[in-house]
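Visitor: Sharing a model that was predicted from the sequence below.
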Amino acid sequence: MAHLAELDVEEPETRAVLADDVVVVAEFRDRIYPGLVETGRVERGGDKPFHTVVNAENYHALEMLTYTHRHSIDAIYIDPPYNTGARDWKYDNDYVASDDDYRHSKWLAFMERRLKICRELMRSDATLVATIDEHEVNRLGVLLDQLVPESTRQLVTIVNNPKGVTQGYLSRVEEYAFFVFGPDARIGSVDDDLLTHRDMADAEGELQRPRWKGLLRSGDDSLRADRKDMFYPVWFDESTGRLSHAGEALPLDETPDFSPQDGLTPIWPIRRDMKEGPTRAAPRRSILDYALHPHL
């Protein structure tokens with residue numbers, strides 16, 4: 001049972017009610033402390049720590065964690081909206097379109113509120129990682145410098161599309177990740193070699209030199225039959241040590257000829273395992289242009 005009494009009256013009325021029927025109502029300016037209710041879990045390691053998924057609007061979830069995890073988080077990874085102009089995120093309950101004159105200001109306001117809470121959650125030796133692309137990378141960098149000036153910030157390039165996305169001028173192959181290290185954060189050394197392709201190992205398992213991007217197509221459509229118009233010779237002038245020009249595409253039912261002609265030696269797109277593969281540039285385009293400017 002719960003015994004209730006009126007407040008701020010000379011002769012308060014009292015009443016006894018069931019405790020389950022009582023609803024607590026906050027007074028104006030009363031602080032309300034949110035909490036989490038576990039609805040289920042998936043365990044894979046017995047008594048080992050498990051992941052927790054919070055199903056909530058991201059700002060409210062972060063704000064709630066300040067009551068339980070303030071200055072106790074050692075790593076935060078965020079993947080915010082990239083503000084590309086697509087209708088994929090909202091500000092004040094409205095989608096932000098590419099023709100919105102204030103879309104960059106709205107995005108910065110959106111990010112600032114969340115990053116301020118992240119700052120409250122992080123320990124002094126914590127690391128924050130934020131991914132972004134070219135649309136807001138510069139503004140995000142300035143915002144991070146403003147919010148966490150005592151931290152060390154580094155920008156890492158992530159090659160997420162080796163084929164590139166054509167945008168009228170240069171082809172974009174990358175996104176970015178800001179690493180923000182707290183004043184007491186320290187980086188341990190690792191043996192990861194991110195420049196060496198996984199397949200570039202010899203019989204003893206020793207990694208070979210980095211595999212830089214070449215003219216041979218790799219990945220999907222990497223066989224001659226996949227791109228019939230992309231199998232052609234590049235003529236090399238041994239007297240000058242320079243590439244001369246690209247030849248015509250060879251029909252699929254014909255065998256490549258390695259005989260020199262007019263002082264020029266043909267170089268065919270054939271791999272070390274003798275598999276024939278297409279090039280990355282069509283023969284109508286100058287092979288010299290591609291060799292010098294592969295991003296165009």
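Guide: Noted; the coordinates are in hand.

Visitor: From here on, just use CA atoms for contacts and neighbour counts.
Guide: Will do.

Visitor: Tell me who's in contact with the residue nearest the centre of the chain.
Guide: With distances taken as Cα atoms, centre = their mean, Thr131 lies nearest the centre of the chain, 4.7 Å away. Residues near Thr131 by Cα atoms under 8 Å, 6 or more residues apart in numbering: Ile78, Asp79, Pro80, Glu175, Tyr176, Ala177, Phe178.

Visitor: Go again with 7 Å.
Guide: Ile78, Asp79, Tyr176, Ala177, Phe178 (Cα atoms under 7 Å, 6 or more residues apart in numbering).

Visitor: Work out for me the element Gly40 sits within.
Guide: Taking DSSP states H and E as the definition, one finds Gly40 inside no helix or strand.

Visitor: quick one: low-confidence ranges for the stretch 101-250 of the chain?
Guide: The stretch 101-250 of the chain contains residues with pLDDT under 70 at 191-214.

Visitor: which stretches of this structure form helices?
Guide: In the chain, the helices defined using DSSP state H lie at 58-68, 103-121, 137-147, 287-292.

Visitor: Let me know which of the ones you listed is tucked in deepest.
Guide: Among the helices of the chain, helix 103-121 has the highest mean neighbour count (mean count of other Cα atoms under 10 Å), at a mean of 17.

Visitor: and the chain, what are its domains?
Guide: Listed by automatic domain parsing, the domain ranges of the chain are 53-181, 224-292.

Visitor: how many neighbours does Ile87 have?
Guide: Heads up, residue 87 is Arg, not Ile. Neighbourhood size, Arg87 [other Cα atoms under 10 Å]: 12.

Visitor: wait, it sits on Asn93?
Guide: No. Between Arg87 and Asn93 there is no contact under Cα atoms under 7 Å: 12.0 Å.

Visitor: re the thing from before, how about JSON lines for the domains of the chain, with distance to Leu216 added?
Guide: Supplementary listing: these in JSON lines, determined by distance: least, Cα to Cα, whole Å:
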{"stretch": "domain 53-181", "distance to Leu216": "12"}
{"stretch": "domain 224-292", "distance to Leu216": "5"}
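
Visitor: So which of those is nearest Asp20?
Guide: Ranking the domains of the chain by proximity to Asp20 (Cα to Cα) places domain 53-181 first, at 26.0 Å.

Visitor: what's the spacing between that closest one and its chain's center?
Guide: 10 Å (Cα atoms, centre = their mean, to the nearest Å).

Visitor: Quick one: end-to-end distance for it.
Guide: 25 Å (Cα to Cα, to the nearest Å).

Visitor: Check stretch 236-248 too.
Guide: 14 Å.

Visitor: now do stretch 254-266
Guide: First-to-last distance for stretch 254-266 - Cα to Cα - comes to 15 Å.

Visitor: One more: stretch 46-64?
Guide: End-to-end distance for stretch 46-64, by Cα to Cα: 28 Å.

Visitor: any idea of the mean pLDDT for that stretch?
Guide: The pLDDT scores in stretch 46-64 average 84.
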